[in-house]
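>>> need a 3D model of the sequence below.
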Amino acid sequence: MAQNNALFNLTQLAEASYADLSGYLHDSETFSSRLQGIEDETILSPSQATNLANHWEVAAHQPDTDSGFSATLFRSLENGEYVLVCRGTAGGSDISTDLGDIYRQEFTQREFAGNQFIRN
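Numbers count the residues shown, from 1 in each chain. Here you go, the predicted structure:
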């Protein structure tokens, strides 16, 4: 059960990394409101955001760079443990790379499946 809780926490932190976390976020109320998103972009539900803000804080945050990269370092308020979350790039600046990666992955999977089929 402990492993399930750890995975749940990591999943919540991964989702939280998509919120606007720039600026001072050391009070749990501000952190919680940022985790709930803005306008129509809901990141976490109010109860999820409150729970996360009561157990974690933002130790450091790199907002979107020109390439769309962003990363957040979270610190557990319970044991001081750190979790670094590097989220996917935002925007279309790397769309050609993304499409190339998808194509290569699809090709590799088909080749692997074909080789398995021929051998069996």
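>>> which residues touch the helix or strand containing residue 59?
Per DSSP states H and E, residue 59 falls inside strand 56-62. Residues outside strand 56-62 that contact it (CB atoms under 8 Å, 6 or more residues apart in numbering): 13, 16, 21-22, 25-26, 28, 31, 69-77, 82-83. Every C-beta, even on glycine, is put in place using the N, C-alpha and C of the backbone.
>>> look up the pLDDT of residue 98 for me, please.
pLDDT for residue 98: 61.
>>> in the protein, which helix or strand is least confident?
Ranking every helix and strand in the chain by mean pLDDT, DSSP states H and E puts helix 95-119 at the bottom, with a mean of 58.
>>> that older thread, show the buried residues in the contacts of strand 56-62.
Listed as buried from the contacts of strand 56-62 are 13, 16, 21, 25, 28, 31, 69-70, 72, 74, 83; burial here means 16 or more other CB atoms under 10 Å.
>>> just those now: which is nearest residue 50?
For those, the residue nearest residue 50 by CB to CB is residue 28; the value is 7.8 Å.
>>> who touches the closest residue to that closest one other than its chain neighbours in this structure?
Sequence neighbours aside, residue 53 is the residue nearest to residue 28 in space, at 4.0 Å (criterion: CB to CB, 6 or more residues apart in numbering). By CB under 8 Å, 6+ apart, the residues touching residue 53 are 28-29, 31-32, 35.
>>> low-confidence ranges, this protein, go.
1-2, 24-25, 38-42, 89-120 (pLDDT under 70).
>>> what about the strands in it?
56-62, 70-76, 82-87 (DSSP state E).
>>> what packs against the last one?
Same thing as strand 82-87. On a contact count with 3 or more CB pairs under 8 Å, 6 or more residues apart in numbering; DSSP states H and E, strand 82-87 meets helix 2-16, strand 70-76.
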